[in-house]
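Trainee: Sequence below, structure please.
(chains A and B)
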Amino acid sequence: MIVAERKPFDEISDLLAGYDKVLTVGCKTCVAVCLAGGEKEAALLNKELMLARKVAGKPVETCAALVERQCDMEFLAELDDIVDQYDAIVSMACGAGVQFMAERYPTKPVLPGVNTTFIGVNRDVGWYEEKCRSCGNCLLGVTGGICPITMCAKSLMNGPCGGTNQTSCEINKDQPCAWYAIYQRLAGQDRLDNILKMTEIMDWRNNVPRTIVQPGYEQRKAAFSDK
Amino acid sequence: MNADKKIIQIATDVLVIGGGTAGVAAALEVAGQGYKVVLTSKEDKVAQEAKDGAVADLTAKAEANANIEIMTNTVAADVKGVPGKFEVTLKTGDAAVEKTFGAIVVATGLTTTVLNDAYGLEMGPKVVSQSELEAMLAEGKLEAGKTVAFLVGFGQEGNPLVMQRVLDSLTALTKVADTDAYVFVGDIKLAADGLDALYAQARQEGVIYFKTKETPQVTVGDAMTISILDPVLRQRVEVQPDLVVVEEAILADEDNAALAVPLEIEADNNGFLQPDNVHYFPVKSTRLGIYLAGASRDLLSFEQGLEDAGNVALEVKKFLGDGNLEVPSNTAFVDVDKCTVCLTCYRCCPHGAIYWDSRAIIAESACQGCGICASECPNDAIQLGDYADDAMAQAVKDGQGSAGKSPWIVAFCCKNSGLEAMKMAKAFGYRVPAGLQAIEVPCAGKIDMDYVMDAFVQGADGVMLLTCHNGNCKSDKGALYASWRAEEIKKMLAAVGMPEDRLVCASLANNMGRTFSEISVELERSIKKAGS
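Mentor: Predicted coordinates:
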């Protein structure tokens, strides 16, 4: 899932300076699961805002709402009736949700409430670890299910650098060396030959805004886009 | 728990895992209370260890009991569900059956590992472990006329169970003709029923003990020798044994760790299934409906395992009763439209009361109404009876203006501690701020960060979070969650420009009325000081 962190209050407060009616919208999916932008966090942010404005003598009116997924226009549409009542919207969704919301309401300032940080896993309540950089060319099939793009500090594609210290990385002794882990995993599965499969360097030019159309949906997209 | 109750139906069959003596005895005791019992053993029989015929009696009784179904070569491969309705997959070889139980008794055994490395010894026909000697004695394989030397207490910290085995073997040895026995002891413990008598009896029979700090030097070969510096004689003593018996460490069953996961109970650092916490004595686990007999919970003897069996039956009866379980009608409730199955509630619940089936489900039989889940849920999808979010917000609102000219202090009080302490403070005439508004919560774990922030937004001058002492919380971690949340709220207050000391989080026992008074008066004083 996508993992995000709540922005520092000061930053959000600055973004909202001058707006006296604020709609804060949580997103029910990834950012709720990672405890950054669900209904509870949206309500809490509003309380912080009200308290800060109270202290400053500039009261603010707030409302908290929750949307199933801010990355789907149909769910965003549920806000259509109330958006006009507010001067600004704080979206607690990931960067995709914020942008889709801004696209839906182009005349309203739509401001981010969280910093979208990575694609990761949930180790325990409130504890997440990055696992994927969405590079667009998944190598996990030959790297024993360990991503060198994400887990290697240099995103090396063909074995460790000279900074490997057996188990750890030169950047930090607590950071495991991705290629050491890959070697161990492959050796344990008797698949060490995979490590010799030379992989060409990543074509980072693919990191332009990407669009994916799932197989079987090309015609639908063409029909939709023509409209 | 809260006042309103209702009755729900639960299963009353009981699963006993472990076919050792404690397991068989527990099965008998539980069946004796009228419950149907399935007794599983991973071995091909139950209660193999024999002692004075007691085990044979138990096993015969269990086999003859119509309420007990014995399943040998069987393991509990998976456990789902909740107390009162555990769905257990029992695997016998490749065959699997699923059965429903209201309660589970874990009666795993102990395992041993020989400590020959501590003596630099290799095991062989003349160097045997305590277990090997016991087998030889049981099978009558120890020849007459031998000299046997025991090494014990140099490879581990002493334990009465370790010594009991040695002394039992000595008792058996002295019955074999012309046997000489020497016991070299280091760090040993005899503090258990009857061990002193066994020690004395063996001495009377001619067994010789050497107590020394130095690990005996053992030479192995055709003529074995054990040599020590005798601290009494102050000279070297040498014994030429025919057989050397090496002590064994007695450890928790290796199966415990694997069982703890599906059972959702916590093992201690030594692999036993009961934490060192008086709340769990004598046979409770960290989860309702799961009980521990004998060595599954601690390093316990055969006799102690038998005592546990009776206690287990009492606890099982207390929980299962006649299958009609009275539960609070105020258990937590999940709004399935809001739940996004983030698993936060499942992971936070200290009672193992939450599971999921496309959305989180809270088991009425297991929910204790603490509200930790409700206050951690990121989507406010869980509401708890009388303590639902809107009711709590209303309670704060109702207090608005009640303080008059005094500072308005909202005190969220755990009803087990803070609330009682406040009542005591008032009853004893200790000073309590005029503008103090106490709001009851079922556990400090129910004090939502949003409630506290809301109180400040509504105009409260100060907020108190009053919890039980950490480690004394009936919901185990409620006080801890409250203290963590208080730290976060302080950061928020700092960020919005409010003095952090307007929030006080303190732990109280229910008889600490004076402390309640002191804390609340101090908060009032600091508010007044800042205002002046």
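Trainee: Please count neighbours and contacts with C-alpha atoms only from this point.
Mentor: Noted.
Trainee: need the residues of the stretch 401-532 of chain B near chain A, please.
Mentor: B:449, B:450, B:453, B:454, B:456, B:457, B:492, B:493, B:495, B:496, B:497, B:498 (CA under 8 Å from any CA of the partner chain).
Trainee: Confirm for me that the last one is in contact with residue A:55.
Mentor: Yes. Under the criterion of CA atoms under 8 Å, residue B:498 is in contact with residue A:55, at a separation of 7.3 Å.
Trainee: More neighbours: which of these two?
Mentor: Between residue B:498 and residue A:55, residue B:498 has the larger neighbour count (other CA atoms under 10 Å in any protein chain shown), namely 17 against 14.
Trainee: Read off the pLDDT value for that one.
Mentor: Residue B:498 carries a pLDDT value of 94.
Trainee: Would you mind listing the residues in contact with it?
Mentor: Counting by CA atoms under 8 Å, 6 or more residues apart in numbering or on different chains, residue B:498 makes contact with A:52, A:55.
Trainee: any idea how far it lies from residue B:456?
Mentor: Using CA to CA, to the nearest Å, residue B:498 is found at 10 Å from residue B:456.
Trainee: and if you look at residue B:155?
Mentor: Taken as CA to CA, the span from residue B:155 to residue B:456 is 61 Å.
Trainee: In terms of neighbours, single out the busier of the two.
Mentor: The neighbour count for residue B:155 versus residue B:456, taken as other CA under 10 Å, is higher for residue B:456 (26 against 20).
Trainee: just checking, the more buried one touches residue A:50?
Mentor: No. Applying CA under 8 Å, one finds residue B:456 not in contact with residue A:50, separated by 9.5 Å.
Trainee: Please identify the helix or strand for the residue nearest to residue B:143 when sequence neighbours are not counted.
Mentor: Leaving aside its sequence neighbours, residue B:143 sits nearest to residue B:176 (CA to CA, 6 or more residues apart in numbering or on different chains; 7.7 Å). Using DSSP states H and E, residue B:176 sits in no helix or strand.
Trainee: Surely residue B:176 touches residue B:144?
Mentor: Yes. Residue B:176 lies in contact with residue B:144 (CA under 8 Å); the separation is 5.9 Å.
Trainee: These two: which has the busier surroundings?
Mentor: residue B:176 (17 against 13).
Trainee: Now do the more buried one against chain A, distance only.
Mentor: 53 Å (CA to the nearest CA, to the nearest Å).
Trainee: Could you tell me how many residues sit around residue 224?
Mentor: All of this refers to chain A. 9.
Trainee: right idea, wrong chain: chain B
Mentor: By other CA under 10 Å, 16 other residues sit near residue B:224.
Trainee: quick one: it and residue B:238 touch, right?
Mentor: No. Between residue B:224 and residue B:238 there is no contact under CA under 8 Å: 10.0 Å.
Trainee: Do the longest helix anywhere in chain A and chain B come into contact?
Mentor: Assignment by DSSP state H gives helix A:39-56 as the longest helix of chain A. Yes. Looking at helix A:39-56 against chain B by CA under 8 Å from any CA, the contacts come from A:39-41, A:43-44, A:47-52, A:54-55.
Trainee: Just give me how far that helix sits from the chain centre.
Mentor: Taking CA atoms, centre = their mean, to the nearest Å, one finds helix A:39-56 lying 23 Å from the centre of the chain it belongs to.
Trainee: Could you export the lowest-mean-pLDDT helix or strand in chain A as CSV, CA atoms only?
Mentor: None of the helices or strands of chain A scores lower by mean pLDDT, DSSP states H and E than helix A:218-226, at a mean of 76. Extracted in CSV, the C-alpha atoms of helix A:218-226 (Å, rounded to 0.1, in the frame of the first residue of the first chain):
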residue,chain,number,x,y,z
GLU,A,218,-7.5,-0.5,-24.5
GLN,A,219,-10.7,-0.2,-26.5
ARG,A,220,-12.6,1.0,-23.5
LYS,A,221,-9.9,3.7,-23.0
ALA,A,222,-10.0,4.7,-26.7
ALA,A,223,-13.8,5.0,-26.5
PHE,A,224,-13.7,6.9,-23.3
SER,A,225,-10.9,9.2,-24.4
ASP,A,226,-12.8,10.1,-27.6
